[in-house]
Structure formats: C-alpha cells, structure tokens
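> Structure of the sequence below:
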Amino acid sequence: MAAPRPPPARLSGVMVPAPIQDLEALRALTALFKEQRNRETAPRTIFQRVLGILKKSSHAVELACRDPSQVEHLASSLQLITECFRCLRNACIECPGNQNAIRNLDTVGIAVDLILLFRELRAEQEALLTAFRCGLQFLGNIASRNEDSQAAVWVHAFPELFLSCLNHPDKKIVSYSSMILFTSLNSGRMKELEENLNIAIDVVNAHQKQPESEWPFLIITDHFLKSPELVKAMHAKMSNQERVTLLDVMIAKIAGEEPLSKDDVPVFLSHAELIAGAFVAQCKTVLNLASEQRDDEEALATIRLLDVLCEMTASTDLLGHLQGHPGLLERGIELLRLIHAAGRDGANIFSSSGRVRAGGDVSGVAEGFKSHLIRLIGNMCYRNKDNQDKVGELDGIPLILDSCSLDDGNPFLTQWAVYAIRNLTEDNSQNQDLIAKMEEQGLADTSLLKKTGFEVEKRGGKLVLRATGDGPPS
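Alright, predicted model coming up:
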C-alpha cells in the first residue's frame, strides 16, 4: 500500500500542494503570492522547497556552460528557473519577513551565480532571456527597503553582475540591473564604485542609450552627483560623448523645478570647480569647428561645459563662488573675441552663412555658443563691480555690442547681450561713460542701447548714459 500523501499547506485558507515538484505547482504559488495576505502567512518551508528546485535546475545550466551541446536541452530547466524566480520575486513584495527568510537561505548568492552563468551561455533563446530578467527582478524585490538584503545583494553582485548586465543588449536587463544598483548603493559603498569606474561609466552609457529609463538617471542624480570625488574621476576617464551625457544630467539637476538642497550646495560647489577648471583649460578646442579637420565630439563636450556654467552662474547658491574663479571671466572674453574674429574671416560654422550650410547637431550648438558666452560674461558681472571693471578693461563691452551687431539675426544672442550690458553698467559709472562715448563715435548700436533700457544724452557738455525706465523684457 502506498504511503499516504502529506496534507497540503495552507496560505490564509488557500490550498496549495505541499511537495512543490513541478512547474504547475510553482505557477500556483506565484499566483498566490500576488496577494499580500498570502505573502504574510507563507510557511518558511515553502521557500526551502522553491530553492531546492532552483538549485536542481541550475545544474543543467552549469552543464550547458561546460558543454555547449547541452544548450538545446535547457528548455524545461529554464522554465522551472524562471518560475522559481517569479515565485520568490512575488513573495518579497512589501514583505520584510519573506525577504529575510529567503535571504537567510543564501538565495541571493545562488541567484547571482546563476545570473552570471546566463551571460556565459551561447544561446539565442527567449526562455533564457526571460529567466535572466526574472532573476534580476527577484534581486531588486528582495533588496527593496531592506538594508540587510541590500547588503547581501551588494556583497554577491558587486562588481561582476553589474559589469555583466549594465551593457547588455537587452534593454530590460539593463533597466533591472540599474534598479538593483540604485537600490543597493549608499554613501558607504561609493568608494568601491570609485575603484570600479567602468560600472559608473556603464550607467552613464545606459542613460544615453535609454533616456526613457528612470533608473540610470536616478543613479546619476541621487548617487553619483553627491560624490565630487566620483564625478571628478569619471570625467577624467570618460570619452567626450560620455562627458556630454553626464553634463546633460548635471544641467537637468541644476535647472530642474526643485532648487538645490542645503546638502546639494557644497557638493555642487565642488562640481563647479571641476567644470570651470575644465572649461578654462580646454575651451579653445571649440575653435577647431571652424577648420576642415575637426573633432565634433570634443567640441560638443566643450560646448556643454559652457552650458553647465551658464546654469551654475544662474544659481544664486553657486554664482558668488564662480565669479571669483581664476581665469574664467578672462578666458570667456578671450574666446568670444576669437570666435567673433573667426566668424568675420569667412564662411565657417561661426559665421552666419556657415551656419546655414553646416549639417548635423554641431551647427545648432555652435550657433548658440557665442550667445552663451555672452550670457556667462553677463552672469559673472551680476552685482560684481570687480568683474564689471575687468570686462571694461579687456574691451569686452565693444566686443559684446559688435557681436550683437554682426549676428543681428540671432535673437538669443541679442537677448543675452542686452542682459550683459545691463549687468555691466549697473551702478558702474565708468562702464556707462564708456558706452556713452562709443555711441557718440558711432561705435554703439543705438537700437541695442534702447533694448537695454538706456539712452545717451548730453548734460552740461558731457555725455551721460541715462536709464529710460523701459528695461528689456524679462
């Protein structure tokens, strides 16, 4: 006589088979764990049984990694592995008790080892991809809001799993592995990331390739940008295209709807030093755009540095620090003069006719480069008499006015020129006198002066720059 079957286990009154032996039983458990009450009352022995199936099925994957001829026999094992991961994934949803029970069975280490084996399989199978994705989802769920599980995932997954997954051709695998990294990272683990810069750079590349995915973006904004040391190390090692992506995220953070927090400000002051120093050192590379043999990616990286500086100097928290950065204002004026001269020399990307004929993205950003230079100069002079005087001494005022006259078809340049002139002349009689004399000599555009809210009049035989009360549009 056959031995009697053991009674079924109960999950909140729901009958489930006690010996979890096949795919259908696993699927039934996966469905049950969609409900919170079933997750909270699950017997711990259930997870031991699921883990037993996972281990047994993983042996087939190990064999296929050693013997590629066995890959074609993996279908049933991959189905079981997938359902094990789905079951464990669902069991962990908003259930710390299950997260802890599953983690204490060393399931995290087993799952990571299995996922790493997936990368070694030379199989173009949808079943393999599905198992891969579900394994990552399980790791993400077990680590969610559980510091002990996050620590376990970090110990087992870093760095190999992230190096294997963040550059995977499958978008979902990249997204899920990014979710795991975001969940597991904390300030204490950033040092390890500094020692594995390829992972950080892979995150930036993931954001570049999948801008619609929130996880790579959140990793950069909520973790990377809080570590000046990491950002500095990344910037030094990145390609120009990668730098542009990182700088774009930095712009989004600074110019976002939420102002920088008190904790953010000291960090971004460090970023400002890095960006300003890099711009001063390499800004002349943008002049290569006027030549036949040009490096567009290098120029784009330089242009994006200027964009970041414009946003940083538009922030009251960062402006004062950057206004005193050595060489930044002087280099901005020097570069404006060189670009202005290049535009006058003939048809190139900095001249009006050259911009019309230029192709690709570079033409658009090059057109805005001069206006952003003027914007930066204007910001640097905002309520800062030392910088106002410095621009006057370097003949920056006639340069700005002449640039606006040359490119009168560029409304953005005119807008920032108006803004810069107002900042240069605010409570600065020396610069006001300079512009008044230029207007008398026909060197200053009267219409531009009116746009700035000023006009020149004679008073007692002396030229005076007078405010009309009609300031530029805000």
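> mind checking which helix or strand of this structure has the lowest mean pLDDT?
Here the helix or strand of the chain ranked lowest by mean pLDDT, DSSP states H and E is strand 14-16, holding a mean of 41.
> Dump the following helix or strand past that one to CSV, keeping only the CA atoms.
Next helix or strand after strand 14-16 toward the C-terminus (DSSP states H and E): helix 23-32. The C-alpha coordinates for helix 23-32 follow below in CSV (Å, rounded to 0.1, in the frame of the first residue of the first chain):
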residue,chain,number,x,y,z
LEU,A,23,6.0,23.7,-13.0
GLU,A,24,2.3,23.9,-12.3
ALA,A,25,2.8,23.9,-8.5
LEU,A,26,5.3,26.8,-8.9
ARG,A,27,2.9,28.7,-11.0
ALA,A,28,0.1,28.3,-8.5
LEU,A,29,2.4,29.7,-5.7
THR,A,30,3.5,32.6,-7.9
ALA,A,31,-0.2,33.5,-8.4
LEU,A,32,-0.9,33.1,-4.7
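> hang on, residue 94 is in a helix, isn't it?
No: going by DSSP: H, G, I helix; E, B strand; the rest coil, the assignment for residue 94 is coil, not a helix.
> how many neighbours does the closest residue to it other than its chain neighbours have?
The shortest distance from residue 94 to any non-neighbouring residue, by C-beta to C-beta, 6 or more residues apart in numbering, is to residue 36 (6.8 Å). From N, CA and C alone the C-beta is placed, and that goes for glycine too. The local packing of residue 36 (other C-beta atoms under 10 Å) involves 12 other residues.
> got a pLDDT number for residue 36?
Residue 36 is assigned 96 on the pLDDT scale.
> which residue is nearest the centroid of this protein?
When the chain is reduced to its mean C-alpha position, the nearest residue by C-alpha atoms, centre = their mean turns out to be residue 249, at 3.6 Å.
> Could I have the CA atoms of the helix or strand hosting residue 216 written out in PDB?
Following DSSP H and E, one finds residue 216 within helix 214-222. C-alpha atoms of helix 214-222 as PDB (Å, rounded to 0.1, in the frame of the first residue of the first chain):
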ATOM      1  CA  GLU A 214      14.400  56.300 -15.000                       C
ATOM      2  CA  TRP A 215      16.900  54.100 -13.100                       C
ATOM      3  CA  PRO A 216      20.200  55.100 -14.800                       C
ATOM      4  CA  PHE A 217      19.100  58.800 -14.500                       C
ATOM      5  CA  LEU A 218      18.300  58.400 -10.800                       C
ATOM      6  CA  ILE A 219      21.600  56.600 -10.100                       C
ATOM      7  CA  ILE A 220      23.400  59.600 -11.600                       C
ATOM      8  CA  THR A 221      21.300  62.300  -9.900                       C
ATOM      9  CA  ASP A 222      20.800  60.700  -6.500                       C
END
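> helices and strands around that helix, which ones?
helix 171-184, helix 197-209, helix 240-254 (3 or more C-beta pairs under 8 Å, 6 or more residues apart in numbering; DSSP states H and E).
> Show me which parts of it are buried, residue by residue.
Residues of helix 214-222 classed as buried by neighbour count (16 or more other C-beta atoms under 10 Å): 215, 216, 217, 218, 219, 220, 221.
> Equivalent analysis for stretch 315-329, please.
In stretch 315-329, counting by 16+ other C-beta under 10 Å, buried: 315, 317, 318, 319, 321, 322, 323, 325, 328, 329.
> Measure how far that stretch is from the centre of its chain, please.
Distance of stretch 315-329 from the chain centroid (C-alpha atoms, centre = their mean, to the nearest Å) equals 23 Å.
> Quick one: end-to-end length of that stretch, please.
By C-alpha to C-alpha, to the nearest Å, the extent of stretch 315-329 from end to end equals 17 Å.
> picking up where we left off before, what does the helix holding residue 216 rub up against?
Helix 214-222 is contacted from outside by 174-175, 178-179, 181-182, 185, 203-204, 206-207, 210-211, 246, 249, 252-253, using C-beta atoms under 8 Å, 6 or more residues apart in numbering.
> List buried residues within the residues you listed.
174-175, 178-179, 181-182, 185, 203-204, 206-207, 210, 246, 249, 253.
> nearest to residue 43, of these?
Taking C-beta to C-beta as the measure, residue 43 lies nearest residue 179 of the buried ones among the contacts of helix 214-222, at 29.0 Å.
> Hmm, the closest one is touching residue 141, no?
No: with contact defined as C-beta atoms under 8 Å, residue 179 does not count as touching residue 141 (9.6 Å).
> does residue 78 sit in a helix, a strand or a coil?
helix.
> what about the strands in the stretch 351-474 of the chain?
454-459, 462-467 (DSSP state E, counting those that start in this stretch).
> I am finished for the moment; much appreciated.
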